[in-house]
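K.L.:
Need a 3D model of the following:
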Amino acid sequence: MVVVATGDSVTSAHIQIKHYHVPKKCSVNQNTQADTRGLHGNDMTASYVGKYVSNLNTSVVDYYNFARTGMGTPEILGAPAIYQDSCENPWARAFPPMALAEAALTKAKQDGRQAYYVTTGGINNTNWTEVAKGAAFCGMAEFLRIQAVRYFVRNTLPFNAVMRYYDTQGRPTGRDNVIRGGACQVVLQEEITGNRPRDITIERLRFDIPVFDGPTHYPTITRDVNTITTKALAAGANKIVWMGYYDITPAKVSIGTFASTWVQNTELPDVIKGALPNIPDVELDLVTGQAWKTQVQTWTNQLNAAIKASILPADPKIRFVKPPALGADKIQKTMIGGCPHPNLSGHDDLAGALNTAFRALG
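P.N.:
Residues are numbered from 1 along each chain as shown. Predicted coordinates for the structure are as follows:
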């Protein structure tokens with residue numbers, strides 16, 4: 001039996017070992033795992049597909065994983081050699097992932113073997129990564145504001161720090177609205193003993209959350225899912241599984257450790273930097289507040305629906321798999337880039353779901 005995989009960071013296994021304050025530098029700083037290929041941010045052995053091959057199906061003789069962190073369905077179908085993944089690893093292949101997957105599936109059938117194909121894809125067609133990053137940084141800003149205020153009070157300093165929230169037009173708005181596009185801002189106040197404290201806007205403590213653009217991409221995702229599964233079938237795949245996206249709202253971030261890293265590497269006013277000498281090592285929700293969680297769950301369901309739209313429920317060879325619920329203990333806690341990817345235990349759970357899906361296809 002041969003197992004072939006394409007996809008994004010879930011299938012490639014983006015396992016971040018430590019916090020780092022600059023995204024997309026994991027190949028340089030080696031803050032993510034790599035397998036023997038040396039492609040940091042892509043560990044095919046740690047992937048749920050690799051775990052399925054190693055632990056759950058002893059019949060597999062060859063395993064190919066062409067997934068790369070950051071790939072969307074257009075890249076699965078057509079990534080050029082110069083394409084760089086989210087860790088800045090060049091694709092550096094003469095053919096895109098799907099073409100290589102087709103070749104591997106065809107070769108398996110020529111050799112008289114069963115050929116299984118699995119993929120993820122779709123989330124990186126959208127700007128979800130930037131939305132999630134903005135939400136996480138707003139959570140960090142709220143956390144830092146509290147730490148600063150505690151420091152000011154403890155040391156009887158004439159300062160305060162408040163949060164302000166804005167819509168996409170820069171107008172003040174409620175916090176619940178910002179997840180749909182806007183910004184959060186920590187504002188330092190001085191002369192707080194007077195009637196009108198003076199606001200000092202700290203530019204580096206303003207974080208934007210872009211408007212999620214998923215709905216504009218759903219039709220393309222549906223079309224590409226159909227193209228990808230059709231190509232896999234034509235190449236001879238006996239079984240095809242499209243792994244859906246799990247609910248990330250249980251995810252937690254080691255925000256204290258990351259905040260310390262971020263503060264140390266960011267130019268901030270002395271009064272703020274001085275107020276944050278000992279940031280407590282605590283974990284906070286990646287997506288904070290019920291309104292934000294509900295919105296993220298809605299987007300996840302919509303994305304999965306766009307994928308499922310081109311897969312017939314009764315198809316004898318293709319199965320969309322709703323992934324198992326992953327609790328906070330199954331999701332990485334590192335930033336920027338680790339959370340909300342599955343950790344090793346989370347990949348074990350996804351491997352189990354993959355095994356169940358392949359068995360269900362007969």
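
K.L.:
which residues in the stretch 201-350 of the chain form strands?
P.N.:
Assigned by DSSP state E, counting those that start in this stretch, the strands in the stretch 201-350 of the chain fall at 239-243, 252-253, 284-285, 318-321.

K.L.:
Between these, which one is closest to T173.
P.N.:
strand 284-285 (21.0 Å; Cβ to Cβ). Placement of C-beta: from N, CA and C, glycine included.

K.L.:
Packing partners of the closest one?
P.N.:
If contacts are counted by 3 or more Cβ pairs under 8 Å, 6 or more residues apart in numbering; DSSP states H and E, strand 284-285 sits against helix 128-154, strand 252-253.

K.L.:
circling back: turn the strands of the stretch 201-350 of the chain into JSON lines, columns for distance to T129, mean neighbour count and mean pLDDT.
P.N.:
Putting those into JSON lines (distance: least, Cβ to Cβ, whole Å; neighbours: other Cβ atoms under 10 Å; pLDDT from 0 to 100) gives the following:
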{"stretch": "strand 239-243", "distance to T129": "18", "mean neighbour count": "25", "mean pLDDT": "98"}
{"stretch": "strand 252-253", "distance to T129": "15", "mean neighbour count": "24", "mean pLDDT": "90"}
{"stretch": "strand 284-285", "distance to T129": "18", "mean neighbour count": "18", "mean pLDDT": "90"}
{"stretch": "strand 318-321", "distance to T129": "23", "mean neighbour count": "21", "mean pLDDT": "96"}
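
K.L.:
Now render those strands as CSV, adding distance to L361.
P.N.:
Shown next, in CSV, are the strands of the stretch 201-350 of the chain (distance: least, Cβ to Cβ, whole Å):
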stretch, distance to L361
strand 239-243, 5
strand 252-253, 35
strand 284-285, 36
strand 318-321, 6
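
K.L.:
among the ones you listed, which is nearest V3?
P.N.:
Here strand 239-243 is closest among the strands of the stretch 201-350 of the chain (Cβ to Cβ), at 9.7 Å.

K.L.:
which residues are contacting the closest one?
P.N.:
With contact meaning Cβ atoms under 8 Å, 6 or more residues apart in numbering, strand 239-243 is reached by 7, 10-11, 48, 114, 116-121, 225, 229, 232-233, 307, 311, 317-321, 323, 350, 353-354, 357-358, 361.

K.L.:
Buried ones only from the residues you listed, please, as a ChimeraX command.
P.N.:
Typed into ChimeraX, the line below selects the buried ones among those, using 16 or more other Cβ atoms under 10 Å:
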select :7,10,11,48,116,117,118,119,120,121,225,229,232,233,307,311,318,319,320,321,323,350,353,354,357,358
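
K.L.:
Out of the contacts of strand 239-243, which sit inside helices?
P.N.:
Residues of the contacts of strand 239-243 located in helices (DSSP state H): 10-11, 48, 225, 229, 232-233, 307, 350, 353-354, 357-358.

K.L.:
quick one: which of the residues you listed is nearest A67?
P.N.:
T11 (3.8 Å).

K.L.:
quick one: contacts of stretch 166-179?
P.N.:
131, 135, 138, 163-165, 181-185, 209, 211, 289, 291-292, 295-296.

K.L.:
Export it to PDB, keeping only CA atoms.
P.N.:
Presented in PDB, the C-alpha positions along stretch 166-179 are these (Å, rounded to 0.1, in the frame of the first residue of the first chain):
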ATOM      1  CA  TYR A 166     -12.000  50.800  16.800                       C
ATOM      2  CA  ASP A 167     -13.800  49.700  13.700                       C
ATOM      3  CA  THR A 168     -12.200  49.600  10.200                       C
ATOM      4  CA  GLN A 169     -12.900  53.300   9.800                       C
ATOM      5  CA  GLY A 170     -11.100  54.200  13.000                       C
ATOM      6  CA  ARG A 171     -14.300  54.900  14.900                       C
ATOM      7  CA  PRO A 172     -14.600  53.800  18.500                       C
ATOM      8  CA  THR A 173     -16.600  50.500  18.800                       C
ATOM      9  CA  GLY A 174     -17.300  47.700  21.200                       C
ATOM     10  CA  ARG A 175     -14.800  45.000  21.800                       C
ATOM     11  CA  ASP A 176     -17.200  42.300  20.400                       C
ATOM     12  CA  ASN A 177     -17.300  43.900  17.000                       C
ATOM     13  CA  VAL A 178     -13.500  44.000  16.500                       C
ATOM     14  CA  ILE A 179     -13.200  40.400  15.500                       C
END
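
K.L.:
follow-up on the earlier one: point out the most buried one among the helices and strands packed on strand 284-285.
P.N.:
strand 252-253 (a mean of 24; mean count of other Cβ atoms under 10 Å).

K.L.:
helices or strands up against it?
P.N.:
So strand 252-253, by 3+ Cβ pairs under 8 Å, 6+ apart, packs with strand 284-285.

K.L.:
Would you pull up how far the strand it packs on lies from the middle of the chain?
P.N.:
Taking Cα atoms, centre = their mean, to the nearest Å, the mean C-alpha location of strand 284-285 is offset from the chain mean by 16 Å.

K.L.:
cool, stretch 337-356 as well?
P.N.:
That offset, for stretch 337-356, works out to 13 Å (Cα atoms, centre = their mean).

K.L.:
Hmm, K322 is touching Y245, no?
P.N.:
No: in this structure, K322 is not within contact of Y245 by Cβ atoms under 8 Å, at 9.3 Å.

K.L.:
Can you pull the residues that touch both of those two?
P.N.:
Common neighbours of K322 and Y245 (Cβ under 8 Å, 6+ apart) are N304.

K.L.:
Those two: which is more packed in?
P.N.:
Neighbour count, other Cβ atoms under 10 Å: between K322 and Y245, Y245 has more, with 20 against 13.
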